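Below: sequence and its predicted model.
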Amino acid sequence: ACGAAIPNEGSGRVLLDPSASEERAASSRLVAATVPELSHLPLLEQEGRAQFEAVAAALRHALGGAATVHERMREALLAEGQTASSARKRSRGGGGAVDAAA
């Protein structure tokens with residue numbers, strides 16, 4: 001999930017992952033949650049006043065941010081899984097070289 005805020009309706013600016021104070025000051029804000037593997041958008045919540053083009057731009061930025069967060073989490077979980085798997089092999093005495101002649 002990722003949030004975005006439109007600071008001023010006519011500014012053309014979009015704040016990605018805004019702070020609480022930036023959200024309070026914004027004319028419009030939204031949050032989008034995605035399931036990239038299924039190409040689903042299970043949550044889209046928008047409040048405030050903004051032109052359609054501004055909301056569409058904010059949504060594009062939020063979807064891009066959510067994709068970035070998803071990829072970083074995936075990489076971290078895979079790295080953690082590899083680390084944990086290596087640690088389990090070492091604790092069982094595995095993971096070392098195997099003598100093919102034995």
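Happy to help now that I have it.

Ala66 is in contact with Ala33, correct?
Yes: between Ala33 and Ala66 there is a contact under C-beta atoms under 8 Å: 6.8 Å. Every C-beta, even on glycine, is put in place using the N, C-alpha and C of the backbone.

helices or strands next to whichever strand or helix holds Gly64 in the packing?
Of the helices and strands defined by DSSP states H and E, Gly64 is found in helix 52-91. Packed against helix 52-91, as judged by 3 or more C-beta pairs under 8 Å, 6 or more residues apart in numbering; DSSP states H and E, are the following elements: strand 2-6, strand 15-16, strand 28-35, strand 40-48.

now it: mean pLDDT?
On average, the pLDDT along helix 52-91 is 86.

What are the buried residues along that helix?
The neighbour-count criterion (16 or more other C-beta atoms under 10 Å) identifies Ala54, Val55, Ala57, Ala58, Leu59, His61, Ala62, Leu63, Gly65, Ala66, His70 as the buried residues of helix 52-91.

out of the residues you listed, who's nearest Ala76?
The shortest gap between Ala76 and any of those belongs to His70, at 10.9 Å (C-beta to C-beta).

Excluding chain neighbours, what is closest to that closest one?
Taking C-beta to C-beta, 6 or more residues apart in numbering, and ignoring the residues beside it in sequence, His70 has Pro36 as its nearest neighbour in space, at 5.5 Å.

Next, count neighbours for the one you found.
Counted with other C-beta atoms under 10 Å, the neighbours of Pro36 add up to 12.

Show the pLDDT at it.
Per-residue pLDDT puts Pro36 at 83.

Now do it against Arg72, distance only.
The gap separating Pro36 from Arg72 is 12 Å, by C-beta to C-beta, to the nearest Å.

Enumerate every residue touching Ala4.
14-18, 29-32, 58-59, 61-62, 65 (C-beta atoms under 8 Å, 6 or more residues apart in numbering).

Tell me what it is bridged to.
Partner residues in beta bridges with Ala4, using DSSP bridges, are Leu16, Leu30.

check contacts around the spatially most central residue of the chain.
Closest residue to the average C-alpha location of the chain: Val69 at 2.4 Å, with C-alpha atoms, centre = their mean. With contact taken as C-beta under 8 Å, 6+ apart, Val69 is in contact with Ala1, Cys2.
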